[in-house]
Structure formats: C-alpha cells, structure tokens
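1. here is a sequence together with a model predicted from it:
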Amino acid sequence: MKMPGNGFHGVWVALVTPWNIERRVPGHREIQKLIDKFVKAEVAGLYILGTTGEGTLLTVPEREEFAEAVLEAAVGKIPVIVHTGHDRTEAACTLSRHAAKIGAAAVAAAPPCRYRFTAEELRAHYLEIAHTVGDLPLFLYDIPATTGNPLGADLLASLHAEAPNVVGAKVSRGDWEAWEGYLHLGDEFTILIGKDEMGLSLLAMGGSGLVSSCANIFPQLYAALYRAATTADYATGREIQNLITKLCRVTRRGHVPTIKRALSLMGLDVGPPVPPLCAIPIEEDTQLSVQVASIEKQAANWIRKGGGS
C-alpha cells in the first residue's frame with residue numbers, strides 16, 4: 001500500500017455527535033471521554049460532522065459550536081477533519097472558514113443534495129470552498145448513495161489542478177469502477193476508504209487510510225487492521241476484516257442510532273440520535289448487547305495480534 005506524504009493516512013474515526021437534545025448543546029464530557037478512548041487506541045485522527053456525525057441535522061451555528069467543542073478537547077492530542085458540506089455553497093464556505101479558524105487539520109465536503117448537478121456545477125462549488133480556506137487541505141466526500149451526486153477521480157484531479165489544497169477524497173462507494181479511478185491517483189492524492197467491508201482489499205491496493213463509523217465502538221480493531229495491511233500480514237488482516245464485516249452487520253452497516261446505542265451499552269452515554277432520527281426500539285437492546293459483547297471478546301485476540309503488534 002502507498003503512504004501519502006501529507007500525514008492523513010491511517011484510521012480516522014467518523015465521530016458520533018454527543019448532543020444534548022433538550023439544551024441543544026454539545027455533550028462536552030462525552031466528547032472528552034471519546035477522545036481519550038481514541039487517543040489510547042492510537043488512531044490517526046477524528047472525522048467529525050459527517051454522516052455518522054449527523055452534521056446535516058444541525059444548524060450552521062450548532063455545527064460550529066460542536067466543532068469548537070471537539071477541537072478544544074482534541075488540541076495537542078489528536079488531529080480533526082471537519083466535514084463542512086452543505087447544500088448551499090455559501091454555507092459550506094462559512095463552515096469551512098470557521099473550521100480553518102479553530103484549527104482543523106483539514107475540511108471535507110460532500111456535494112449538495114436534492115438536485116442532480118453537472119460536473120461543471122460541482123467543480124465550481126468545490127473551487128469556491130477550496131479558495132475560501134487558503135492552504136488548508138480539502139477532501140471531497142464522495143457518497144452518492146445519500147447525496148445522489150457521484151464525484152469521482154476525474155473531478156478530484158481537475159480541482160487539484162486549479163486548487164492544490166484539494167488533496168484527496170473520502171470515498172464511501174462500493175462500485176469498483178469508481179475505485180479503479182481513485183486508486184489510479186493513489187500516488188498523488190490521499191484516498192480515504194469509507195467502506196468498512198472493503199477496508200483490507202482497498203488498503204492492499206493503495207488506499208491511504210480508513211474513515212469508519214464502527215471504529216467508534218472498537219477503534220483498536222481498526223488500528224489492528226491498518227497495521228496488518230501496512231505490514232502485509234494478510235492472514236491476520238483477513239481475520240480482522242471478517243470480524244469488522246460482522247460488526248458492520250450488527251450495526252446495520254453503520255446505522256447511527258445503533259452505533260450510539262452500542263456505545264451507551266458499553267458505558268459511553270453519547271445520548272440519543274439527533275431528530276428526526278429515532279433511537280432503536282428498546283427490545284433490540286438485549287440482542288445488540290450480546291452481539292457487541294461477543295465481538296468484543298473475539299476482537300481482543302486480533303487487537304493483540306494485529307499487524308504483529
């Protein structure tokens with residue numbers, strides 16, 4: 001696998017958003033607990049306010065307030081990529097400037113939703129964001145299953161030609177044709193994998209790192225997968241990947257309410273999902289608790305062995 005020179009390789013946790021629903025403020029204590037957990041697991045960094053982070057369910061001021069809370073707790077401990085995507089280019093620029101001001105390591109932006117945009121329209125949207133943050137690295141967030149607007153390697157290369165701070169993409173896609181294009185750019189760009197089930201394969205083929213929602217639950221397991229890939233210990237990597245795939249099934253492929261509830265069952269009360277998302281039915285708790293405990297027991301072995309560590 002290739003190791004990009006800009007420092008964004010490794011495992012990035014797609015952080016859940018501890019949020020006080022009644023007061024509409026960040027859960028500062030829980031943020032600190034999560035950061036301590038991830039620092040101990042030696043992951044590369046945090047990716048906040050994306051799909052797992054429920055960013056689009058918060059107002060612009062609320063997103064800024066949450067980003068400030070995370071950056072304050074993370075300073076000197078772990079770098080943070082802030083997702084600043086918004087349907088309005090002006091709002092995406094506002095969020096991006098704010099992220100740069102408070103010390104984000106980079107910003108990432110999913111494309112606007114609702115309308116189907118042309119390549120030129122998307123290019124104009126991203127260039128405006130890139131130019132508004134100066135030298136701060138910008139990642140495209142390619143997740144057409146939720147945005148309806150696929151991006152792609154050609155757009156990434158085109159943007160970089162005009163805005164060198166466009167340094168890569170976080171790609172949450174399962175279609176191989178798109179991955180062929182991105183992996184072809186792996187020597188020049190940071191390509192972060194947003195599809196847990198394809199983690200080992202894509203790391204082995206040149207992916208730079210992982211951005212994972214389920215890493216909220218077992219960050220050490222993902223760090224072990226990354227170590228196995230970087231040391232070409234594919235026998236261990238396959239075992240870890242199989243367990244991660246099982247975790248994906250248990251959490252309904254990164255279903256935010258399920259991940260939040262799993263964390264609560266493990267003693268990290270990150271609160272309910274942000275409306276209109278709803279908490280999982282109470283009758284599912286027992287089954288989820290048993291499944292998570294089973295994976296935790298199996299994970300302990302591979303966390304110790306991951307990549308020979």
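-> Arrived safely, thanks for sending.
2. only C-alpha atoms from now on, for both contacts and neighbour counts.
-> Will do.
3. who's Ala109 bridged to?
-> In this entry, Ala109 is beta-bridged to Leu140, by DSSP bridges.
4. roughly how far does it sit from His184?
-> Distance from Ala109 to His184, counting by Cα to Cα, to the nearest Å: 22 Å.
5. neighbour count for those two, which is higher?
-> Between Ala109 and His184, Ala109 has the larger neighbour count (other Cα atoms under 10 Å), namely 24 against 14.
6. ok, that one - contacts?
-> 83-86, 92, 138-141 (Cα atoms under 8 Å, 6 or more residues apart in numbering).
7. residue ranges for the strands of this protein, please.
-> 10-14, 19-20, 25-26, 45-48, 80-83, 106-109, 138-142, 166-171, 190-193, 209-212 (DSSP state E).
8. quick one: which of those is nearest Pro275?
-> Proximity to Pro275 (Cα to Cα) singles out strand 19-20 among the strands of the chain, at 10.8 Å.
9. partners of the closest one in the sheet?
-> Sheet pairing here is set by DSSP bridges, and for strand 19-20 it gives strand 25-26 (antiparallel).
10. so for the partner strand, mean pLDDT?
-> Mean pLDDT, computed over strand 25-26, is 92.
11. hang on, Ala44 packs against Gly10?
-> Yes: if you go by Cα atoms under 8 Å, Ala44 and Gly10 touch, sitting 5.4 Å apart.
12. tell me which of those two has more neighbours.
-> Gly10 (24 against 21).
13. nearest residue to that one in space, please, no chain neighbours.
-> Of all residues not flanking Gly10 in the chain, Gly209 sits nearest, at 4.4 Å (Cα to Cα, 6 or more residues apart in numbering).
14. bridged to the one you found, which residues?
-> Here Gly209, judged by DSSP bridges, has bridge partners Gly10, Leu192.
15. how much space between it and Ala110?
-> According to Cα to Cα, Gly209 stands 18 Å off from Ala110.
16. format the strands of the chain as a markdown table; extra columns: distance to Gly237.
-> Output for these, formatted as a markdown table (distance: least, Cα to Cα, whole Å):
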| stretch | distance to Gly237 |
| --- | --- |
| strand 10-14 | 15 |
| strand 19-20 | 35 |
| strand 25-26 | 36 |
| strand 45-48 | 21 |
| strand 80-83 | 26 |
| strand 106-109 | 28 |
| strand 138-142 | 26 |
| strand 166-171 | 21 |
| strand 190-193 | 16 |
| strand 209-212 | 14 |
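17. wait, which of those strands is closest to Leu268?
-> The closest of the strands of the chain to Leu268 is strand 19-20. By Cα to Cα, the value is 12.7 Å.
18. show me the contact partners of that closest one.
-> The contact list for strand 19-20 (Cα under 8 Å, 6+ apart) reads 25-27, 270-272, 274.
19. for stretch 230-250, which positions count as buried?
-> If you call a residue buried by 16 or more other Cα atoms under 10 Å, then stretch 230-250 has these buried ones: 230, 233-234, 236-238, 240-241, 243-248, 250.
20. what's next to that stretch, contact-wise?
-> Residues contacting stretch 230-250 (Cα under 8 Å, 6+ apart): 1, 196-197, 199-200, 204, 214, 221-222, 224-225, 228-229, 254, 288, 291-292, 295, 298-299, 302, 305-308.
21. now that stretch: mean pLDDT?
-> pLDDT averaged over stretch 230-250 gives 96.
22. same check on stretch 288-305?
-> 87.
23. what does that stretch contact?
-> Residues contacting stretch 288-305 (Cα under 8 Å, 6+ apart): 218, 220-221, 224, 236, 239-240, 243, 247, 250, 262, 265.
24. tabulate the residues you listed (TSV), appending distance to Val70.
-> Shown next, in TSV, are these (distance: Cα to Cα, whole Å):
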residue	distance to Val70
Phe218	20
Gln220	21
Leu221	23
Ala224	25
Thr236	34
Glu239	33
Ile240	29
Leu243	29
Leu247	26
Val250	28
Ala262	21
Leu265	22
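25. leaving aside the residues next to it on the chain, what's closest to Gly103?
-> What sits nearest to Gly103 in space, not counting adjacent residues and going by Cα to Cα, 6+ apart, is Leu71, at 7.1 Å.
26. the one you found reaches Ile102, doesn't it?
-> Yes: Leu71 is within contact range of Ile102, at 7.0 Å (criterion: Cα under 8 Å).
27. higher neighbour count, those two?
-> Higher neighbour count among Leu71 and Ile102: Leu71, with 22 against 14, using other Cα under 10 Å.
28. how deep is Leu156 tucked in, by neighbour count?
-> With other Cα under 10 Å as criterion, Leu156 counts 21.
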